[in-house]
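Asker: sequence below, structure please.
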Amino acid sequence: MRSTMNEIEKDKQFLDNYDINQYDRPSIAADVAVFSIGRKPAEEFDYRRLPTKTLRLLLIRRAEHPYQGEWALPGGFMQQGETIQETARRELKEETGTDKAYLTLCNVFSDIGRDPRGWILSQSFIAVLNEDDLANSHLEASGDAGEAGWFDICIQKTAEHKKEQQNTVTCDKEYELTLEHSVATDKTLLRAVVREHIEYRDYHELMTYEIVESEGIAFDHARIITSAFNSLRRMLDSDIRIAFDFMPEQFTLTDLQEAVELVSGQELIKPNFRRKISEYVIETDHQVQNGGHRPAKAFVRNLERFYR
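Answerer: Residues are numbered from 1 along each chain as shown. As a prediction, the model looks like this:
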């Protein structure tokens with residue numbers, strides 16, 4: 001705490017003469033990986049069959065150079081007077097029409113040369129839209145985006161190598177990223193191979209991502225997408241409550257389990273799963289009709305346990 005007026009005056013004199021332009025400064029962008037659960041109707045008409053659910057990612061097609069015609073994450077530059085979180089919220093609303101989605105910080109990408117336009121630092125975010133958000137949203141490409149679309153996302157680990165040396169353990173994993181977007185008979189398929197490098201040294205973890213190859217995905221967004229997807233999986237593994245952000249206000253336990261399975265990539269045993277989430281849900285008097293199956297009980301979040 002300043003104890004004398006003299007110290008306050010010295011601070012004022014210093015700041016009056018301080019020139020922030022003596023230091024180089026990067027442009028700062030927010031790039032948002034927006035996930036949701038989509039439904040694909042059965043290929044053959046059968047009222048008893050439920051639609052196939054998929055994990056989806058929102059991408060925009062660039063209308064301008066660089067990477068004109070390629071697909072990228074929604075995002076934009078931080079403007080004077082706003083925080084980076086406000087930048088992400090603004091971009092999310094511009095692209096989807098809603099700013100109510102779950103949104104959290106993910107990773108920072110600051111590699112030299114990552115963007116051909118100049119020195120640009122990217123703060124990535126994870127956003128989750130539930131079915132209510134989707135119903136009230138509308139995709140609208142803005143700025144340098146030509147169009148926007150939901151892509152079915154699949155990421156599979158194809159290789160893993162570990163190496164131990166003194167106090168350091170390194171682990172390299174390669175992932176194949178596939179993104180598919182279909183409208184009528186028009187299909188867009190994007191793919192990339194991304195390497196995740198993790199170094200454990202003296203109980204500290206350093207994680208980086210490198211693009212091995214990429215087709216149709218702009219900038220270094222293939223590694224931002226892979227990083228966001230893996231972060232989402234880790235978040236779900238440590239706290240099951242993240243799965244509820246994919247759910248509308250009322251949902252079935254089957255819908256909730258399917259969301260967890262889509263993100264985790266693992267098939268769950270129903271009784272074990274329901275015991276795990278039992279304290280977070282409250283049964284309602286409503287039911288949900290799914291195709292030709294018996295109506296299922298509808299549940300809501302138990303907020304008293306949810307936000308404890």
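
Asker: can you pull the contacts of residue 242?
Answerer: The neighbours of residue 242, taking Cβ atoms under 8 Å, 6 or more residues apart in numbering as the test, are 102, 128, 232, 235-236. The way it works is simple: take the backbone N, C-alpha and C, and place the C-beta from them, glycine included.

Asker: hmm, try it at 10 Å
Answerer: 102, 104, 126, 128, 232-236, 259-260, 263 (Cβ atoms under 10 Å, 6 or more residues apart in numbering).

Asker: on the three-state scheme, it is what?
Answerer: Of the three states, residue 242 takes helix according to DSSP: H, G, I helix; E, B strand; the rest coil.

Asker: I'd like to know how far it sits from residue 256.
Answerer: 11 Å (Cβ to Cβ, to the nearest Å).

Asker: for the protein, which spans come out with low pLDDT?
Answerer: Residues of the chain that meet the criterion pLDDT under 70 lie in 1-3, 41-51, 135-137, 140-145, 184, 290-293, 308.

Asker: quick one: strands adjacent to whichever strand in it runs longest?
Answerer: Using DSSP state E to define each element, the chain has its longest strand at strand 145-165. Neighbouring strands of strand 145-165 in its sheet, by DSSP bridges, are strand 52-62 (antiparallel), strand 168-183 (antiparallel).

Asker: can I get these in a markdown table with mean neighbour count?
Answerer: Compiled in a markdown table, those are given as follows (neighbours: other Cβ atoms under 10 Å):
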| stretch | mean neighbour count |
| --- | --- |
| strand 52-62 | 21 |
| strand 168-183 | 16 |
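
Asker: quick check: which of those strands is nearest to residue 206?
Answerer: strand 168-183 (9.5 Å; Cβ to Cβ).

Asker: which strands and helices sit next to the very next helix or strand once past the closest one?
Answerer: Using DSSP states H and E, the helix or strand that directly follows strand 168-183 along the chain is strand 186-201. In terms of contacts (3 or more Cβ pairs under 10 Å, 6 or more residues apart in numbering; DSSP states H and E), strand 186-201 is packed against strand 52-62, strand 145-165, strand 168-183, strand 204-215, helix 221-238.

Asker: tilt between strand 186-201 and strand 168-183?
Answerer: 170 degrees (axes from the mean of the first three to the mean of the last three Cα atoms, to 10 degrees).

Asker: with only the CA atoms kept, save strand 186-201 in CSV.
Answerer: Only the C-alpha atoms of strand 186-201 are listed here, as CSV (Å, rounded to 0.1, in the frame of the first residue of the first chain):
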residue,chain,number,x,y,z
ASP,A,186,-23.0,-32.4,-51.5
LYS,A,187,-20.4,-33.7,-49.1
THR,A,188,-17.3,-32.0,-47.8
LEU,A,189,-14.6,-34.1,-46.2
LEU,A,190,-11.6,-32.6,-44.3
ARG,A,191,-8.8,-34.6,-42.7
ALA,A,192,-5.5,-34.0,-40.9
VAL,A,193,-2.9,-35.9,-38.9
VAL,A,194,-1.8,-34.1,-35.7
ARG,A,195,1.0,-35.1,-33.3
GLU,A,196,0.6,-34.5,-29.6
HIS,A,197,3.9,-34.2,-27.7
ILE,A,198,3.8,-34.4,-23.9
GLU,A,199,6.9,-34.0,-21.8
TYR,A,200,6.9,-34.8,-18.1
ARG,A,201,9.9,-33.3,-16.3
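
Asker: in it, what's buried?
Answerer: For strand 186-201, a neighbour-count test (16 or more other Cβ atoms under 10 Å) marks 190-196 as buried.

Asker: need those residues in JSON lines (columns: distance to residue 93).
Answerer: JSON lines is the format used below for these (distance: Cβ to Cβ, whole Å):
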{"residue": "190", "distance to residue 93": "25"}
{"residue": "191", "distance to residue 93": "30"}
{"residue": "192", "distance to residue 93": "28"}
{"residue": "193", "distance to residue 93": "33"}
{"residue": "194", "distance to residue 93": "29"}
{"residue": "195", "distance to residue 93": "34"}
{"residue": "196", "distance to residue 93": "31"}
